[in-house]
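Student: Need coordinates for the below:
(chains A and B)
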Amino acid sequence: MYIYDDYDHQMLEERITQYRDQTHRYLAGDLSDEQFLPLRLQNGLYIQRLAPMLRVAVPYGLLSSTQLRKLASITRDYDKGYAHLSTRQNIQYNWPELEQTPDLLAELAEVSMHAIQTSGNCIRNTTTDQFAGSAPNEIEDSRPWCVIIRQWSTFHPEFAYLPRKFKIAVCGTEIDQAATQLHDIGLYLQKNEKGEVGFKVLVGGGLGRTPVIGKVIYEFLPWQHLLTYLDAIMRVYNLEGRRDNKYKARIKILVKALGVDVFREKVEAQWQFGKDSQATLTEAEVNRCKSFFTSPEYESLQDEDEAVTTASNSDLLFNNWLDRNVSAHKQSGYSIVTICLKGTGAAPGDITDRQMEFVADLAERYSQSELRITHEQNLTLAEVRIKDLYEIYKACKTESLATPYLGLLNDLVCCPGGDFCSLANAKSIPIAEAIQRRFDDFDRLNEIGDITLNMSGCMNACGHHHVGNIGIIGVDKKGAEFYQVALGGDAGREAKLAKILGPSFSQEEIPDVIEKIIQIYLDERQSDEKFIDAFYRLGIDLFKERVYAEAD
Amino acid sequence: MPKLIKDGALIDDSWRLIEKETSLEEIKPSSDNKLLVPITVWLENKEVLSQHKDNIGIWFDSDESPTLLEEDANSFPVIALNFPVFRDGRAFSYAAILRQQLNYTGDMRAIGDVQKDQASYMLSCGFSSFLVPENSNAEVLLTGFEDFSENYQSTVTKPAPIFRRRS
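Tutor: Numbering: from 1, shown residues only, chains lettered A, B, ... in the order given. The predicted structure follows:
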């Protein structure tokens, strides 16, 4: 992974000094709430319902074992012994004290971590596919490009006070697990017929109140021009994005208002000034960034491992876990393991200090001391020998981390909701738990098969409900918490937005409603048709009719 | 007299800032009166004002583009960009446009809600002087310009990004 050099360390130190001074001036009354707000936000600090929340940046979700151990010790020293993995591959603390945050950030800096630009109206942490560098049929490893974008966007003097937040995702894998098309800028790595690398650039995607799938603004942007082109997009947005209404301030609204062709012309006009300037990327820099992400020296191994096969024949639970949580790797004899943090009874994406230390040890022993946070709020070990799988499984089981539900209904994505978040209209964690309890049986879940269920406690859509095959969103109905259900969302390469099924439901009704939807699918599906495919064949009206008919 | 920060020092500001919607009669341009006039006032009274050109500077609000200047920006000794509120970041981009696209080499001034916590970013975008807001502690503002010793990216003041300087 990327190793900080003197420049990186120095700037991080300078940032902590700056933030310490800002916090001090705020506590002394020299900075108003209004003045301090964007400063603390750009250092990751929200003021939440019960206490501040600190969002720590995990660049493109990648962590070392050493970093994860530090995060674990911070949960003990500054928090209540657990943390939350967010849908943007970051880690959140729920209970730090404002006065202590400069010290907390100084501890993070010891392991080259920070909370810079994890919040506020600036360019946020760049995200990518958690299988980058290890997936079969990968077009190009996205991680070096994420590093390049991270550096360019960090403390960018021109773009720290944008109309609204700004998120960039990069994807170089065949299957898009980064929800690339739902970002302010989405970048798909491509290769042309000469084998040269470039980007398909999408702009104006996003969730929130007005969900939009990004539109293509550039079909094949040669890699040299990546940063000058991004600068041009940002400049048009910074100058023309709406600042009069925060709900209409995202770039998607500007792109929609202008039309993508006019927006593209404006970007081109700005780009002519920056193109071929010194911001143009050099081969030396790209190679330097690539040098941090070389594959480990693989052993010559077969995919078939006798001991693993024997174990899977005798240990049914292990076999289930193998089926669901282990994915193919580009190298024979290796695999990608995802630890599913969706065991029933724990809040989705929550992880305790002890579990963090356990996973750090596991990664150190079996997966090059590295792990990745996924945007589905799980943890991936990307360089695992197939022959080690049974050992890993048994170890995970001792820590209640062997839930074999990856990609199944209970592997739901869920924001912290009204239990923690001051923006939420409704709780989400108890609803997630009620659904998980209703379906908590591997055979039943496996029979339903691949499906995504995403839930947000409000229209801000941190739980990505617009792109769940089943989406649930908390709404406020005359002071009471209600839930709307939508169907047909997809965050992948064929991104689709979910359609609202009909009037909202009470909290108690939700598990029954989900059960009905699933039953319609099971009754109607053809052979091994997935939920999403069956939904689009059958159409929403059939679901609407049957779900509401029985409710009457 | 209003205070100005320029070249790292606190000095008196000799330019009179003219409010928007001020009439030419109220302005009274003369050879011993340095005036910072709104772009709209300049565009409406160009003929009269250009007789005193060495003593005329232009200021732009955050929703006015410096590309409105049809003539050479460099004929003005001062061009100011307003921050109506510190979190309105448009002037950062307009500053870069003035320096990089209009090749402005004169004194580019930040006016309005100029605070310590944005000062280093303003400097990187090419601002060369900073009007100290009323009721603001100039000594505190003075300490904001060196929060960062480096920029990762290409900026107005350091066009070579770190990656071109890393050994």
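Student: burial of A:I339, as a residue count?
Tutor: 25 (other Cβ atoms under 10 Å in any protein chain shown). Where you see a C-beta, it was placed from the backbone N, CA and C, and this is true even at glycine.
Student: Which strand residues bridge the residue nearest to it when sequence neighbours are not counted?
Tutor: Nearest residue to A:I339 in three dimensions, chain neighbours excluded: A:L379, at 4.5 Å (Cβ to Cβ, 6 or more residues apart in numbering or on different chains). Taking DSSP bridges as the rule, A:L379 bridges to A:I339, A:I373.
Student: pretty sure A:L379 contacts A:L341?
Tutor: Yes: contact criterion Cβ atoms under 8 Å: A:L379 and A:L341 qualify, at 6.7 Å.
Student: So for those two, which residues contact both of them?
Tutor: Residues touching both A:L379 and A:L341 (Cβ atoms under 8 Å, 6 or more residues apart in numbering or on different chains) are A:85, A:351.
Student: and the worst-scoring helix or strand of chain B on mean pLDDT, C-alpha only, in PDB?
Tutor: Using mean pLDDT, DSSP states H and E, helix B:24-27 stands out as the lowest-scoring helix or strand of chain B, at a mean of 84. Written as PDB, here are the backbone C-alpha positions of helix B:24-27 (Å, rounded to 0.1, in the frame of the first residue of the first chain):
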ATOM      1  CA  LEU B  24     -20.500  59.000 -10.200                       C
ATOM      2  CA  GLU B  25     -21.300  62.300  -8.400                       C
ATOM      3  CA  GLU B  26     -20.800  60.600  -5.000                       C
ATOM      4  CA  ILE B  27     -17.500  59.000  -6.100                       C
END
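Student: Please enumerate residues in contact with that helix?
Tutor: Contacts for helix B:24-27 (Cβ under 8 Å, 6+ apart): B:18, B:35, B:37, B:41, B:45, B:48-49.
Student: Spit out the contact partners of the residue in chain A that chain B sits nearest to.
Tutor: Residue of chain A nearest chain B, by Cβ to the nearest Cβ: A:Y161 (2.8 Å). A:Y161 makes contacts with A:38, A:121-122, B:86-89, B:92, B:118, as judged by Cβ under 8 Å, 6+ apart.
Student: got the residues of the stretch 101-250 of chain A near chain B?
Tutor: Counting by Cβ under 8 Å from any Cβ of the partner chain, the residues of the stretch 101-250 of chain A close to chain B are A:121, A:148, A:151-162, A:227, A:231, A:235, A:238-239, A:243.
Student: who does A:L62 bridge with?
Tutor: A:R372.
Student: Can you list the helices and strands that the longest helix seen in chain A packs against?
Tutor: Counting by DSSP state H, the longest helix found in chain A is helix A:6-27. The contact analysis (3 or more Cβ pairs under 8 Å, 6 or more residues apart in numbering or on different chains; DSSP states H and E) places helix A:6-27 against helix A:33-41, helix A:101-110.
Student: Could I get the buried residue list for that helix?
Tutor: By neighbour count with 16 or more other Cβ atoms under 10 Å in any protein chain shown, helix A:6-27 contains the buried residues A:7-8, A:11-12, A:14-16, A:18-19, A:21-23, A:25-26.
Student: With stretch B:76-95 instead?
Tutor: Quick answer for stretch B:76-95 (16+ other Cβ under 10 Å): B:76, B:78-83, B:86-95.
Student: and what of stretch A:507-525?
Tutor: A:507, A:510-511, A:513-514, A:516-518, A:520-521, A:525.
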